[in-house]
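> Fold the following and give me the result.
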Amino acid sequence: MLVVNDGGEGVKLSLEMLDPEKEQPVYKVISVSNRDSEKRCAFKIKTNSRERFTTAPHVGVLAPGQRITVTVCMKALTQEQHQELSANPEGSKDKFMISSCECSDDITDAVLRSKDAPAWWESKSAETKQHVIQCVYQQPQGKIEVPQRKLVLVREPMGSTKTAGSKRVIAEEVL
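Residues are numbered from 1 along each chain as shown. Purely as a prediction, here's the structure:
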């Protein structure tokens, strides 16, 4: 019933390890779909690393055939975390678990966020399917940082197929 797609990477979610000094979070999108044409589907997303990740939305109900995008935010890494992950980027234990099951019309997003939600999920435990997504960390690739004072923004010539930034403006490095 529930289909999880993290951009074609299967059950792995690739996350860039940005420079900790910049204190920048990393955002990724996971597409979650209900492929059933007749039944509604409830889902919830958990992570084993709550201090590092947030997701929005983390629970919800999908109508038959509905697709939503879930935004995953990895908070900025500390210097220690960056060094640890750089040493073994694929050996991370960080992961997400998406649980899903069929639900009746009386179950809404609000019900899944309420104090009664744990009891409802417990009553559905035999029917619940789980999808695990493993996090894989990688160094940013193909990005060259140039100080801002050395960049000049120019209009892109009409008919050109190059795009960077937006469809109309590209950045050129000034030597």
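> Next, the buried residues of the strand or helix carrying Glu80.
Assigned by DSSP states H and E, Glu80 belongs to helix 79-87. For helix 79-87, burial by neighbour count (16 or more other CB atoms under 10 Å) applies to His82, Leu85. Heads up, the C-betas are built off the backbone N, CA and C, glycines and all.
> got it, and stretch 120-130?
Applying 16+ other CB under 10 Å to stretch 120-130 flags Trp121, Lys124 as buried.
> Quick one: residues in contact with that stretch.
The list of residues contacting stretch 120-130 from outside it, by CB atoms under 8 Å, 6 or more residues apart in numbering, reads 1-2, 42, 44, 97-103, 107, 111-112.
> same thing with stretch 104-116?
Counting by CB under 8 Å, 6+ apart, Arg40, Ala42, Lys44, Pro57, Val59, Gly60, Val61, Ala117, Trp120 sit against stretch 104-116.
> With stretch 49-69 instead?
If you take CB under 8 Å, 6+ apart as the criterion, stretch 49-69 is touched by 2, 29-47, 70-75, 81, 93-94, 96, 103, 107-109, 112-113, 117.
> sorry, back to before: which residues make contact with the helix holding Glu80 from outside it?
Met17, Asp19, Pro20, Glu21, Arg52, Leu77, Ser92, Tyr137, Gln139.
> returning to that earlier point: can I have the buried ones of the contacts of stretch 120-130 as a ChimeraX selection?
Listed next is the ChimeraX selection for buried residues among the contacts of stretch 120-130, using 16+ other CB under 10 Å:
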select :1,2,42,44,98,99,100,101,102,103,107,112
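> Which of the contacts of stretch 120-130 fall in strands?
Mapping those onto strands (DSSP state E) picks out Leu2, Ala42, Lys44, Met97, Ile98, Ser99, Ser100, Cys101, Glu102, Cys103.
> and of those residues, the nearest to His131?
Ile98 (4.5 Å; CB to CB).
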